[in-house]
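Trainee: Sequence first, then the predicted structure, then my questions.
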Amino acid sequence: MAFITVGTENSTDIELYYEDHGSGQPIVLIHGYPLDGASWEKQATALLDAGYRVITYDRRGFGKSSKTTEGYDYDTFAADLNTLLTALDLSDAVLVGFSMGTGEVARYLGNYGSARVAKAAFLGSLEPFLLKTGDNPEGVPQDVFDGLKEAVTADRYAFFTEFFKNFYNSDTFLGTPRLSQEAVNASWNTASNAGATASVAAPATWITDFRGDIPKIDVPALILHGTADNILPIDSTGRLFAKALPVAEYVEIEGAPHGLLLTHAAEVNEALLRFLAK
């Protein structure tokens with residue numbers, strides 16, 4: 001629908017593609033890896049029907065946005081989001097992140113505050129800190145991320161095929177009303193359009209430590225996670241995040257995989273709309 005310039009790489013503008021539909025309170029939807037803003041299809045429709053203004057955008061390196069080779073860190077991602085919010089002069093906005101998109105929400109609030117933000121929602125979150133360390137024993141070991149990088153670097157197209165099996169828990173849901181092969185194919189096609197650098201560099205950001213950002217989340221928040229998430233396991237993410245931010249509303253969707261925006265769209269939409277209406 002439109003592009004906004006967030007920086008330059010050598011002589012080339014770095015542009016983010018965004019869409020802006022509807023009227024009412026603005027809801028900014030921030031997508032996960034390795035998808036783009038169109039992955040919010042089920043939620044965007046429900047939000048528009050409920051009378052909200054819906055803004056989606058493609059993170060740098062993904063979708064229709066510039067395939068830059070730099071800026072793959074959460075300070076830059078948050079700066080990109082800030083540029084978008086400022087250019088659209090949004091206020092009373094709700095930031096809704098999914099998967100790695102929750103990192104933008106946390107880091108934006110940590111770096112820029114909540115002057116433009118009314119609420120925040122974290123769906124299938126990265127927070128608080130995904131990496132296993134001495135002071136974070138419930139995190140995921142470093143060698144898992146090393147293996148991830150090796151696999152994406154070696155053959156990202158083959159990697160995406162295997163990734164989506166775990167993203168959607170295909171062994172459970174494929175062929176049921178929750179997940180068709182065509183939907184998986186569409187996700188793969190979207191992923192294959194991501195930049196080569198972004199495909200490798202984005203997962204490396206997942207081990208960002210957001211523990212310093214969480215105390216700065218000073219707006220009403222929703223944390224929602226699927227109990228069968230095989231990408232960002234709930235015991236290393238959602239449940240710890242809820243303990244770190246006890247004032248947040250916390251929702252678990254029983255049996256839902258990481259890709260719950262599609263497989264459990266009705267349940268996600270119900271929880272999100274209920275949160276927004278409060």
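Mentor: Perfect, I can see it now. Note that the structure is predicted; figures quoted are calculated from it, not measured. Numbers count the residues shown, from 1 in each chain.

Trainee: May I see the buried residues of the strand ranked longest in the chain?
Mentor: Ordering each strand of the chain by length in residues (DSSP state E) puts strand 12-21 first. Of the residues in strand 12-21, 14-20 count as buried by neighbour count, 16 or more other CB atoms under 10 Å. C-beta: built from backbone N, CA, C; applies to glycine.

Trainee: For the helix or strand following that strand, give me every contacting residue.
Mentor: Next helix or strand after strand 12-21 toward the C-terminus (DSSP states H and E): strand 26-30. With CB atoms under 8 Å, 6 or more residues apart in numbering as the test, strand 26-30 has contacts from 37, 40, 43-44, 47, 52-57, 59, 81, 84-85, 88, 90, 92-98, 101-102, 104-105, 276.

Trainee: repeat that for 7 Å
Mentor: Strand 26-30 is contacted from outside by 37, 40, 43-44, 47, 52-56, 90, 93-97, 101, 104-105, using CB atoms under 7 Å, 6 or more residues apart in numbering.

Trainee: Who are the contact partners of the spatially most central residue of the chain?
Mentor: Central residue of the chain (CA atoms, centre = their mean): Gly101, 2.4 Å from the mean position. Applying CB under 7 Å, 6+ apart, we find Gly101 in contact with 30-32.

Trainee: what's the nearest residue to it if we skip its chain neighbours?
Mentor: Distances taken as CB to CB, 6 or more residues apart in numbering put Ile30 closest to Gly101, at 3.4 Å, once the chain neighbours are dropped.

Trainee: and the one you found, what are its bridge partners?
Mentor: Applying DSSP bridges to Ile30 gives these bridge partners: Tyr57, Gly97.

Trainee: Can you report how many residues neighbour it?
Mentor: Burial of Ile30 is recorded as 27 neighbouring residues (other CB atoms under 10 Å).

Trainee: how near is it to Phe122?
Mentor: In this view, Ile30 and Phe122 are 10 Å apart by CB to CB, to the nearest Å.

Trainee: Pull up the distance across stretch 208-217, start to finish.
Mentor: 17 Å (CA to CA, to the nearest Å).

Trainee: average pLDDT across it?
Mentor: Across stretch 208-217, the average pLDDT comes to 98.

Trainee: mind listing what's buried in that stretch?
Mentor: By neighbour count on 16+ other CB under 10 Å, the buried set for stretch 208-217 is 208-211, 213-214, 217.

Trainee: Which one of these is nearest to Ala191?
Mentor: Nearest to Ala191 among the buried residues of stretch 208-217 is Thr208, at 21.3 Å by CB to CB.

Trainee: Give me the distance between the closest one and Ala106.
Mentor: Thr208 is 9 Å from Ala106, by CB to CB.

Trainee: Could you do Glu254 as well?
Mentor: Taking CB to CB, one finds Glu254 at 25 Å from Ala106.

Trainee: Provide the backbone phi and psi angles at the closest residue to Lys67 other than its chain neighbours.
Mentor: Excluding its sequence neighbours, the residue lying closest to Lys67 (CB to CB, 6+ apart) is Gly195, at 3.3 Å. Per-residue torsions, Gly195: phi -70, psi 150 (degrees, to the nearest 10).

Trainee: residues near Gly195, how many?
Mentor: Around Gly195 there are 20 residues (other CB under 10 Å).

Trainee: thinking it is in contact with Ser66, fair?
Mentor: No. Assessed by CB atoms under 7 Å, Gly195 is found out of contact with Ser66, at 8.3 Å.

Trainee: Now do the SS call for the residue nearest to Phe77 when sequence neighbours are not counted.
Mentor: Excluding its sequence neighbours, the residue lying closest to Phe77 (CB to CB, 6+ apart) is Glu104, at 5.0 Å. Under DSSP: H, G, I helix; E, B strand; the rest coil, Glu104 falls in the helix class.

Trainee: for this structure, what spans make up the helices?
Mentor: Taking DSSP state H, the helices of the chain run over residues 41-49, 74-87, 101-112, 142-154, 156-167, 170-173, 181-192, 196-204, 238-244, 260-263, 265-277.
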